[in-house]
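Trainee: This is a predicted model, with the sequence first.
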Amino acid sequence: MSSILLAGGAGYIGSHTAVELLLRDKDVIIVDNFSNSNPNVIERIERLASKRVKFYELDTRTSEFEIVFKENEIDVVVDFAAYKAVGDSVKEPLSYYENNLCSLINTLKLMKKYNVNKFVFSSSATVYGDVKVDMLPAREDYPRCATNPYGNTKLIGEEIISDIGNADDNFNSIVLRYFNPIGAHQSGLLGEQTNGVPANIMPYLTKVAIGELPFLNIFGDDYDTEDGTGIRDYIHVVDLAIGHVKAIERLLKVNNGVEFFNLGTGKGYSVMELVRAFSRASQMEIPYKIVERRDGDVAMSYADPSKAKEVLNWEASLGIDEMCRDSWNWQSKNPNGYDD
Ligand code: NAD
Ligand code: WQD
């Protein structure tokens, strides 16, 4: 029986993708070393989909990973396995290059050895770097430029995939550039678990809302935007997961080499707008302080998602209110994340 392998599938985006695939009757194999996730997620995925998942606790950089290819017939590999914290990547560049690139290379080598030639890669809007405001919304053919080691791993990852596509006519890949994923599964069973003080805005906001953190720091209100705070293209994680389903369906249908797609809503919201939307959803006032800009932040980032609509027949359907509602639902029902 053939199946879809999700490397890093126990994580935030991978777990939501697993559910959407299982609900569409795909067989799913998850490989994860739980370096940034929790074993309890597997049971929750199975509960939501009423279906079993084949699971291996493995590091995708290691030779042990080969067993997954030996034991299964795999149609498509989706690679979520990576470290993702920009700030940590600046402090520990080697560990980011090592994990994100060695796992990618090992996965691609095993795919070649076992003649698996369909690959979905988690890339990021970070590859657009500091897009000039008059160039927004960002399109897939824009020049790329990373501004930190994490972004470099995505940029180099994209290059590796393109080079393999150029060398091997049988290799097909869809590279998905996510904008800012937030939200959670509507059931409240799946969401984003963060360890320590969150770097990203939504998990920080939800921790302020449950009283774990005293207030939100808003990084700068002097950007050249309507209210002075930074603008981002937030996308609901379930919409993102469905984007993966569409990418997999395309790979199973056509052989089109390597293709790149933005996954975003195309609409930008400022930090202040997000805080207001979250207050509406949680019926709570969120205390905040305006502080200095954060190093490396851009004023605005939002996608042109029209290529994904045209080619993948995908577009985001959930708006900012649903994103805030579901993030809050997850956090309030799981104050300790997946930890019992
Ligand atoms: P996540 O940390 O929740 O998920 C990644 C999963 O991979 C985790 O379960 C982790 O344990 C696992 N993992 C990491 N290294 C591994 C290894 N060597 N072997 C086996 N498992 C390993 O992150 P996420 O938010 O779900 O992101 C998934 C992918 O999407 C990542 O590649 C990330 O860089 C990319 N991405 C994320 C965002 C975001 O804001 N969440 C935005 C753009 C791109
Ligand atoms: C969003 C907005 C901040 C925290 C990062 C990565 C990117 C991608 C997604 C992986 C900005 C402001 C934030 C806070 C704030 N990840 N903010 N107070 O920086 O757009 O993107 O995550 O690929 O690569 O760079 O996301 O959620 O950190 O910030 O005011 O405590 O919220 O300045 O305007 P970012 P973010």
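Mentor: Alright, I've got the coordinates. Ligands and ions are numbered 1, 2, ... in the order given.
Trainee: Going by C-alpha atoms from here, please, whenever you check contacts or count neighbours.
Mentor: Fine.
Trainee: after the helix or strand encompassing Y204 comes which helix or strand?
Mentor: With elements taken from DSSP states H and E, the one containing Y204 is helix 201-209. Moving toward the C-terminus from helix 201-209, the next helix or strand (DSSP H and E) is strand 216-219.
Trainee: Which residues of the protein lie near ligand 1?
Mentor: Contact residues, the chain versus ligand 1 (C-alpha under 6 Å from any ligand atom): 8-14, 32-37, 58-61, 80-84, 99, 103, 122-124, 178, 180-181.
Trainee: hmm, try it at 5 Å
Mentor: For the chain, the contact set with ligand 1 under C-alpha under 5 Å from any ligand atom comprises 8, 10-13, 32-37, 59-60, 80-82, 84, 122, 124, 178.
Trainee: hmm, back to that, can you list contacts of the helix holding Y204?
Mentor: Contact partners of helix 201-209, identified using C-alpha atoms under 8 Å, 6 or more residues apart in numbering, comprise 182, 192, 194, 197-198, 213-216, 275, 282, 284, 286-287, 327-328, 331.
Trainee: Now a ChimeraX select for only the buried ones of those residues.
Mentor: Burial among the contacts of helix 201-209 is assessed by 16 or more other C-alpha atoms under 10 Å; the matching ChimeraX selection reads:
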select :182,192,194,215,216,275,282,286,327,328,331
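Trainee: So which of the contacts of helix 201-209 are in helices?
Mentor: Counting by DSSP state H, the members of these that fall within helices are V275, S282, S327, W328, Q331.
Trainee: possible to save those as TSV with pLDDT?
Mentor: Formatted as TSV, the ones in helices among the contacts of helix 201-209 follow (pLDDT from 0 to 100):
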residue	pLDDT
V275	98
S282	95
S327	98
W328	98
Q331	96
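Trainee: Need the pLDDT of whatever residue of the stretch 101-250 of the chain ends up closest to ligand 1.
Mentor: Ranking the residues of the stretch 101-250 of the chain by distance to ligand 1 (C-alpha to the nearest ligand atom) places S124 first, at 4.0 Å. Reading off the per-residue confidence, S124 sits at a pLDDT of 97.
Trainee: got a list of what the residue nearest to it when sequence neighbours are not counted touches?
Mentor: In space, S124 comes closest to R177 once its chain neighbours are excluded; the distance is 4.2 Å by C-alpha to C-alpha, 6 or more residues apart in numbering. Neighbour list for R177: S122, S123, S124, A125, F260, F261, N262, L263 [criterion: C-alpha under 8 Å, 6+ apart].
Trainee: Check these one by one and keep those near ligand 2.
Mentor: Of the entries in the contacts of R177, those that also sit close to ligand 2 under the rule C-alpha under 5 Å from any ligand atom are S124.
Trainee: when you check the contacts of R177 against the strands, which ones overlap?
Mentor: For the contacts of R177, membership in strands holds for S122, S123, S124, F260, F261, N262, L263, with DSSP state E as the criterion.
Trainee: Closest to G243 out of the residues you listed?
Mentor: Using C-alpha to C-alpha, the shortest approach to G243 within the ones in strands among the contacts of R177 belongs to L263, at 7.2 Å.
Trainee: you'd agree that closest one is up against I242?
Mentor: No. Assessed by C-alpha atoms under 8 Å, L263 is found out of contact with I242, at 10.3 Å.
Trainee: okay, these two: which has more neighbours?
Mentor: Neighbours of L263 and I242, each counted by other C-alpha atoms under 10 Å, are more numerous for L263; the result is 32 against 20.
Trainee: This structure: strands as residue ranges?
Mentor: Applying DSSP E to the chain gives strands spanning 2-7, 28-32, 54-57, 73-79, 118-124, 172-178, 180-182, 216-219, 231-232, 234-236, 258-263, 269-270, 288-291, 300-301.
Trainee: Tell me which strands the fifth one pairs with, and in which orientation.
Mentor: Sheet pairing for strand 118-124, assigned by DSSP bridges, gives strand 73-79 (parallel), strand 172-178 (parallel).
Trainee: tell me the most buried of those?
Mentor: Burial among the strands paired with strand 118-124, expressed as mean neighbours by mean count of other C-alpha atoms under 10 Å, is greatest for strand 172-178, which shows a mean of 24.
Trainee: and that strand, anywhere near ligand 2?
Mentor: No. Judged by C-alpha under 5 Å from any ligand atom, strand 172-178 stays clear of ligand 2, getting no closer than 7.0 Å.
Trainee: and that strand, C-alpha only, in PDB?
Mentor: Once side chains and other backbone atoms are set aside, the C-alpha atoms of strand 172-178 remain, and they are given as PDB (Å, rounded to 0.1, in the frame of the first residue of the first chain):
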ATOM      1  CA  ASN A 172       9.200  16.500  -8.900                       C
ATOM      2  CA  SER A 173       8.900  18.900  -6.000                       C
ATOM      3  CA  ILE A 174       6.500  21.500  -4.700                       C
ATOM      4  CA  VAL A 175       8.200  24.100  -2.500                       C
ATOM      5  CA  LEU A 176       5.700  25.900  -0.300                       C
ATOM      6  CA  ARG A 177       6.600  29.300   1.100                       C
ATOM      7  CA  TYR A 178       4.400  29.800   4.200                       C
END
